[in-house]
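**Student:** predicted model and sequence below, questions to follow.
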Amino acid sequence: MDIVKGNMGWIEVIVGPMFSGKSEELIRRLRRAEIGKQRVQIFKPVIDQRYPKTGIVSHSGLEIPSELVGTGGEILERVAPRTEVVGIDEAQFLGEGIVEACARLAELGKRVIVAGLDTDFMGRPFEPMPRLLAVAEEITKLLAICVRCGNPAVHTQRIVTSEELIVVGAEGMYEARCRRCFEPQLAQQKIEEEKKTASSNKLAAARASSG
Ligand code: ADP
Ligand code: ZN
C-alpha cells in the first residue's frame, strides 16, 4: 500500500488456488507488522482442522499463532480496540458476514489482511471472496505450480470423490492444476463410476445368490 494519512484503515486480499502460497504470504506480512511493533491479531475458521488448533500453518511449514472463529461477526467481537493489524486465513469458510466485518475493521482504522480461495473445486467463484475482492484496496493473486505439467496453476483440483462444496484437506485430496490440466468434472465422474461399480456388484451378488 502507498503511504496513507491519518488513521485510515484498508483491506488487502490474497487469493489463488491451494498451494499457491497464500498462507506463506499472509504470515510474511503479519511477521513484518510484528517486527514493526504493531499490534496484530490473527484469525482462522474453526472448520479448518487439518492442523493443530492454534495457528496458521502453511504447506511449507511456516506457522503463526491464531485464534479460531466461526464467523466474521465473531472476529468483530474479538478484535481489541488497540489492535492495528488483523490477519484472516481461509476466509472463504467464514460466510457472507466476513465482507461486512472486514469493511467495519477498515473503517475503524485497521489494516485488514485476508487470504482465501477465490475459486472452488469446480472452478466457480467461491463466495464470499469475490465480494471481498470488490471492496478491497489491494489484491494479490498468487498461482501454484501445476503438478501435471509445471505451468502456472490457477485451479484447485479435487482428486477424491465428493460433491460437497467444502471438503477440508490438503495433500492427497487436492492438487494444483493449470487451466489446461484442470478437470472440474473429475470428482463427479469418480462418483458416477463408484455408483456403477456398486450397482453391478449388487447385480452380480443377486445373480450369484439366485443361481
Ligand atoms: P496456500 O495457503 O495457498 O494453500 P501455502 O502457503 O500453505 O499455500 O503453501 C505454499 C507452499 O506449498 C509452497 O511454498 C511450496 O513449498 C508448497 N507446494 C506444494 N505443492 C505445490 C505446488 N503444486 N505449487 C506450488 N507450491 C507447492
Ligand atoms: Zn498443467
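**Tutor:** Sure, I can see it. Ligands and ions are numbered 1, 2, ... in the order given.

**Student:** CA atoms only for stretch 162-182 - export them in CSV, please.
**Tutor:** The C-alpha trace of stretch 162-182 is given here as CSV (Å, rounded to 0.1, in the frame of the first residue of the first chain):
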residue,chain,number,x,y,z
SER,A,162,-17.3,-35.8,-3.1
GLU,A,163,-19.9,-33.5,-4.3
GLU,A,164,-19.7,-31.3,-1.1
LEU,A,165,-18.5,-27.8,-1.7
ILE,A,166,-16.4,-27.9,1.4
VAL,A,167,-14.1,-30.9,2.0
VAL,A,168,-11.2,-29.8,4.1
GLY,A,169,-7.9,-31.4,3.3
ALA,A,170,-4.6,-30.9,1.7
GLU,A,171,-2.1,-33.3,0.1
GLY,A,172,-3.9,-36.4,-1.3
MET,A,173,-7.3,-34.7,-1.6
TYR,A,174,-6.4,-31.7,-3.7
GLU,A,175,-3.7,-30.7,-6.2
ALA,A,176,-2.8,-27.6,-8.1
ARG,A,177,-3.6,-27.7,-11.8
CYS,A,178,-3.2,-25.3,-14.7
ARG,A,179,-6.1,-24.2,-16.9
ARG,A,180,-5.2,-27.0,-19.4
CYS,A,181,-4.8,-29.8,-17.0
PHE,A,182,-7.8,-28.9,-14.8
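
**Student:** any buried residues in the helix ranked longest in the chain, and which?
**Tutor:** For the chain, the helix that runs over the most residues, judged by DSSP state H, is helix 186-210. Neighbour counts over helix 186-210 (16 or more other Cβ atoms under 10 Å) mark L186, A187 as buried. C-betas here are computed from N, CA, C, even on glycine.

**Student:** contacting residues for V85?
**Tutor:** Taking Cβ atoms under 8 Å, 6 or more residues apart in numbering, we find V85 in contact with L30, A33, Q38, R39, V40, Q41, K110, R111, V112, I113.

**Student:** report the beta-bridge partner residues of it.
**Tutor:** Beta-bridge pairing for V85 (DSSP bridges): V40, R111.
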